[in-house]
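> pasting a predicted model and its sequence here:
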Amino acid sequence: GTSCSSEDKPTEFEFQKGVNIGNWLSQSDIMDERRLQIFTEQDIELLADNGFDHIRLPVDEVQLFNEDMTLNESTVQILHHTINACLKHDLKVIFDLHILRAHHFLDEHAALWSSPAEQDKLVEMWKVIQGLLRQYPVTDVAYELLNEAVAPTDEQWANLMLRIVEMIRQTEKERVIVLGANMQNTASHVKNIKVPEGDKNIILSFHFYEPLLLTHYQASWTPLRILHFDGSMQYPGQLIPDEVYNKLSGEEKAVVEPYHHSYNREWILQVWSEAIAYAKAKGLKLYLGEFGCLVNCGEHLRLAWLKDVVDLARQNDIPYSLWEYNGQFGFANRWKKGEITNQALMDVLIK
């Protein structure tokens, strides 16, 4: 009937300010006991004491699953230990399956998209992960199915997500599941996420690093590595003043050209606007699962950009999670516990 049963009420998963624990159980070659030092209960206390309410926890297949799909028991232990410590300190956890053997977010020809067997394997992996995590309260632990999908079409990723959601829902109706947009969680692709009819325990997610020229200036893994400007960039405003742009080599100009215009808070909101509208129309929460800026562009610009992103997220009721806690985008030292290396950056996030 139409009476409102408890099942019709969405799970209360209240969160606003978070941080990614990157380069730990993901994107890291460290698989030995040093992992136990990188992120500890002391770090969790530090985050909780400073007003963070959740972490996003990226975990790679190679850390969690052996090649034969059996579980890596030491990783499983770390996972349980970490989640329990977070819950003890009132931090919620979003478990993010980050990189698969068959899918990396920088590879547009990942095997996952061309191989039905790999798609079946991903569903199977989630069955196993669900078995590990379903013991935790639905108000405290959420599942994020895959980081930054790069499927050939939005529809292909949307359909695979539906398959995994359907599998999870067979036994967990109330678990919060985070669905990310295709093409590396780009805001403009959020509108093509398919939401299961009537499922309110879904969060839609996007990531934001635009303009890349600012956030990833000189980053070694990008074409921006060749840039060394004489003079600094500007934000807000035209990133590269014309007098600097005009002196660039042809090669540099080609890299800079896509970013050769003005950026400000209004521009950012415009980029997000379709995603915000889609989430509203679906009655779902929108989550900024990653954003961050390297220090290379200059501390002043970095903080100005971060502040605009955080302010806009707050104004639009979008929970957010910085990339990252204790790596090169972050504000803490992974080997020295309790040490804030960038108080100003942290303050922008928690003020």
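It's in.

> please identify the buried residues of the helix or strand of the chain with the lowest mean pLDDT?
Across the helices and strands of the chain, mean confidence by mean pLDDT, DSSP states H and E is lowest for helix 242-245: a mean of 90. Neighbour counts over helix 242-245 (16 or more other Cβ atoms under 10 Å) mark 244-245 as buried. Heads up, the C-betas are built off the backbone N, CA and C, glycines and all.

> following it, which helix or strand shows up next?
Remark: after helix 242-245, the chain's next helix or strand is helix 250-256, criterion DSSP states H and E.

> just the buried residues of that following helix, please?
Buried-residue list, helix 250-256, by 16+ other Cβ under 10 Å: 252, 255-256.

> Throw the residues you listed into TSV and include pLDDT, thanks.
Below are the buried residues of helix 250-256 laid out as TSV (pLDDT from 0 to 100):
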residue	pLDDT
E252	92
V255	94
V256	94
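
> for those, which one is nearest Q328?
Taking Cβ to Cβ as the measure, V255 is the one of those closest to Q328, at 20.8 Å.

> show me the contacts for the closest one.
V255 makes contact with 223-224, 226-227 under the criterion Cβ atoms under 8 Å, 6 or more residues apart in numbering.

> how about the nearest residue to Q16 once chain neighbours are set aside, what does it touch?
Closest residue in space to Q16, ignoring its immediate chain neighbours: P319 at 4.9 Å, by Cβ to Cβ, 6 or more residues apart in numbering. Going by Cβ under 8 Å, 6+ apart, P319 touches 15-18, 54, 285, 287-288, 313.

> try 6 Å
Listed by Cβ atoms under 6 Å, 6 or more residues apart in numbering, the contact partners of P319 are 15-16, 287.

> same check on A344?
By Cβ under 6 Å, 6+ apart, the contact set of A344 is L303.

> do the one 4 residues further on as well
Residues touching V348, when contacts are defined by Cβ under 6 Å, 6+ apart, comprise 306-307, 310.

> let's see it at 7 Å
Under the criterion of Cβ atoms under 7 Å, 6 or more residues apart in numbering, the neighbours of V348 are 303, 306-307, 310.

> need phi/psi at L322.
When read as degrees, to the nearest 10, the backbone of L322 gives phi -70, psi 140.

> appreciated, that's everything.
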